[in-house]
Every structure is written in structure tokens, then in C-alpha cells.
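[1] model the structure of this input:
(one chain, ligands or ions: 1)
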Amino acid sequence: ALTPELSKKTHLKEVAGIPLQVATVDNWRQIQSFEAKPDDLLICTYPKSGTTWIQEIVDMIEQNGDMEKCRRTIIQHRHPFIEWARPPQPSGVDKANAMPAPRILRTHLPTHLLPPSFWENNCKFLYVARNAKDCMVSYYHFQRMNQVLPDPGTWEEYFETFINGKVGWGSWFEHVKGWWEMRDRYQILFLFYEDIKRDPKHEIQKVIKFMGKNLDEMVLDKIVQETSFEKMKENPMTNRSTVPKSILDQSISPFMRKGTVGDWKNYFTVAQNEKFDEIYRRKMEGTSINFCMEL
Ligand code: A3P
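    Take a look at the predicted model:
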């Protein structure tokens, strides 16, 4: 018989070499034929790069700083997650189709797996990138606490798994490179987690402008305050506390874990760091993207 340890975790299935959740792959045709609209805004991230954070920022901007409106529902339900599927519940595509325009949607898909209608309709894309080392640490803890993702194994094992892109939504390197290379050809606001952390006001202003909104200084200051890590960790609408323990076991690791830049230093050994830097140099050769590794 399967031990509970083995039976509780599902496996991922690949599409074009990218591991995705099985229900997503089973729904792939519906996802690929999704019809975007020209006024859609798509929030794009590699997992664990600050998706929830930018979602709350975008929603607060959309609601002109009205926290009550942001509390209408939990963050996972505010912006349909295009590739999400868990039958018999409505899929991300079903939810997006039911949403009135102008829509704000979200995805973790790499550029080459995005439903083509997003490109064809020249939609706005808001991409948030996070440095690979912190992203790896965050993803490791997320896979430990997430009861429906594969067990990450030891840190040493996960280090290899992550580098080889054998995690949900594939290789960090390919994801970030793909979106970075698209930024001049489409309406893409490309932001960095580290910049938002260092100067939230400045980065939030960019988002306001990109969304075509005009908010006064007081509202901007309020958004900065309400979207701080401390506030979002306490906020039941953003901290995933309503998700059952059988899916997210926050006693293993909280969803709002640390929210810092440079936590990787507490995990990478000197040898791992050297190996990673070498792999990074090779995989990212020729790209102009630059990450901040500590504040
Ligand atoms: P850590 O595990 O490093 O703490 P995602 O939403 O894409 O799954 O990303 C989750 C990561 O973003 C977690 O990182 C989480 O703590 C961090 N995060 C969430 N809200 C944040 C905020 N307001 N400020 C800084 N980091 C935040």
C-alpha cells in the first residue's frame, strides 16, 4: 500500500518540456484557445516571484485605494489564473470568460506556452521577476508546505531539480529570458521584486502609469502601506489562511514566509553558490538582464 507520504503528492506532466499540473495539461486545448481581449491586463510571473504581492498592488490601484473593495474576496479569486484547473470547479479560462471587461488576469506560463490570442490582441503584460536564488529558496519551502505539489526532497536535491527546470512551470532561466526578450516588442512593464522591496513607492507609481490610472499622493502612500509584507502577512485575504491544511500546510512553512531579498545566503553553501553562478553565467549569456542579489 502507498504510504500517506507517497500518496498525498501528485505528479507533474510535461507540455513542450515544461512540467505543469496534470489538470492543467488535461485542459490544455481550452487554455490554448483562450480568447484574450485587447483591454486585458495579464499579470505574469515565474512562481514564487511576488505574484500575490503584485496582485494586491494592482487590485488596490484598480480600486483607487479602497481596501474594502479589495476585501471583496481572497486574492486567488480576484484575477483569474488562466492555466488553473481543478474539475469539477470552473477552470481559470471559465472564470476569465465570465468576467466583465476590462479584465485583469494572471499566469505563470512562459512566453512560448501563452495562449496566442494575448499576443494577437497586443494585451498589456505586467511581468515581475525575482532573483533566481531567492526564488529557489522560496519555491523549496512552498513545495514542502504545498500538499498537492511533488515533495522537494532535501535542499541538495532541490538545488539540482530547480536548476534543471524540473519544477512546475519549468526553468526559471528560460522563463525570465523569454519574457525579458519580449519586452520591447509588446506592451510589457517589466518589474523586479527587489526594486519593489527597495522603493515600493517608485515601482507602484510605474504600475499606476502603466494601468493608465491617476491617483493622488495620499492614495499612493496608502497602497505602499497596505501592501507591505507585514500587512499582507496579517491580512486573511492575502495570506492564504483560508486554504485548507490538506492543500497548504502552513504549520510546515507559512505562505507569507519571509518576504526578503538575500535569504538565499542562509541556504546556499559556498560550493553551491559557485556552481550556481557558473550555470547562471552560461544559461543567461547574451541577455542584458541584471538582478540585485541583496539590498
Ligand atoms: P518568500 O518565500 O521568500 O517569503 P508568489 O506570490 O509568487 O507565490 O510569491 C511568494 C513570495 O512572495 C514569498 O516569498 C512571499 O513571502 C513573498 N511576498 C508576498 N507578499 C509580499 C510582500 N508584500 N512583500 C514582500 N514579499 C512578499
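
[2] what number of residues lie near Asp59?
    21 (other Cβ atoms under 10 Å). In short, each C-beta sits where N, CA and C put it, glycine included.

[3] oops, could you answer that again for Ile279 instead?
    By other Cβ under 10 Å, 14 other residues sit near Ile279.

[4] show me what contacts it?
    If you count contacts by Cβ atoms under 8 Å, 6 or more residues apart in numbering, Ile279 has them with Ile163.

[5] ok, now how distant is it from Lys69?
    44 Å (Cβ to Cβ, to the nearest Å).

[6] again with Ile43
    18 Å.

[7] hang on, Trp119 in a strand?
    No: Trp119 is assigned helix when assessed by DSSP: H, G, I helix; E, B strand; the rest coil, not a strand.

[8] quick one, phi/psi of the spatially closest residue to it that is not a sequence neighbour?
    Distances taken as Cβ to Cβ, 6 or more residues apart in numbering place Tyr186 nearest to Trp119, at 6.9 Å, with adjacent residues excluded. Note on Tyr186: backbone dihedrals following degrees, to the nearest 10 are phi -130, psi 170.

[9] ok, how many other residues are close to Tyr186?
    Neighbour count for Tyr186, taken as other Cβ under 10 Å: 14.

[10] list the contacts for it?
    Contacts for Tyr186 (Cβ under 8 Å, 6+ apart) come out as 119, 122-123, 125.

[11] if we only consider those residues, which is nearest to the ligand?
    Of all those, the ligand sits closest to Phe125, with 15.9 Å by Cβ to the nearest ligand atom.

[12] what pairs with Phe125 across the strands?
    Taking DSSP bridges as the rule, Phe125 bridges to Leu42, Ile188.

[13] quick check, it in contact with Arg185.
    No: in this structure, Phe125 is not within contact of Arg185 by Cβ atoms under 8 Å, at 10.7 Å.

[14] looking at these two, which is more packed in?
    Higher neighbour count among Phe125 and Arg185: Phe125, with 24 against 9, using other Cβ under 10 Å.

[15] check contacts around the more buried one.
    Listed by Cβ under 8 Å, 6+ apart, the contact set of Phe125 reads 41-42, 44, 118, 179, 182, 186-189.

[16] once you drop chain neighbours, what's closest to Asp26?
    Ala85 (7.0 Å).

[17] residues in contact with the one you found?
    Neighbours of Ala85 in contact, by Cβ under 8 Å, 6+ apart: 21, 23-24, 26-27, 31, 91-92.

[18] for the ligand, what are the nearby residues on this structure?
    Neighbours of the ligand within the chain, by Cβ under 6 Å from any ligand atom: 45, 47-53, 134, 138, 141, 227-229, 232, 256-259, 263.

[19] again, 8 Å this time
    45-53, 55-56, 128, 130, 134, 137-138, 141-142, 193, 196-197, 227-229, 231-233, 238, 253-260, 263 (Cβ under 8 Å from any ligand atom).

[20] alpha carbons only: can I get stretch 258-275 in PDB?
    This file holds the C-alpha atoms of stretch 258-275, laid out as PDB (Å, rounded to 0.1, in the frame of the first residue of the first chain):
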ATOM      1  CA  LYS A 258      10.000  36.000   4.900                       C
ATOM      2  CA  GLY A 259       9.500  38.400   2.000                       C
ATOM      3  CA  THR A 260      13.100  39.500   1.900                       C
ATOM      4  CA  VAL A 261      15.900  39.800  -0.600                       C
ATOM      5  CA  GLY A 262      19.000  37.700   0.100                       C
ATOM      6  CA  ASP A 263      17.600  34.900   2.200                       C
ATOM      7  CA  TRP A 264      19.400  32.600  -0.200                       C
ATOM      8  CA  LYS A 265      22.600  33.200   1.800                       C
ATOM      9  CA  ASN A 266      21.100  31.200   4.600                       C
ATOM     10  CA  TYR A 267      20.800  28.200   2.300                       C
ATOM     11  CA  PHE A 268      23.400  28.200  -0.400                       C
ATOM     12  CA  THR A 269      26.700  26.600   0.600                       C
ATOM     13  CA  VAL A 270      29.900  28.200  -0.900                       C
ATOM     14  CA  ALA A 271      30.200  25.300  -3.300                       C
ATOM     15  CA  GLN A 272      26.500  25.500  -4.400                       C
ATOM     16  CA  ASN A 273      26.900  29.300  -4.900                       C
ATOM     17  CA  GLU A 274      29.900  28.900  -7.100                       C
ATOM     18  CA  LYS A 275      28.300  26.100  -9.100                       C
END
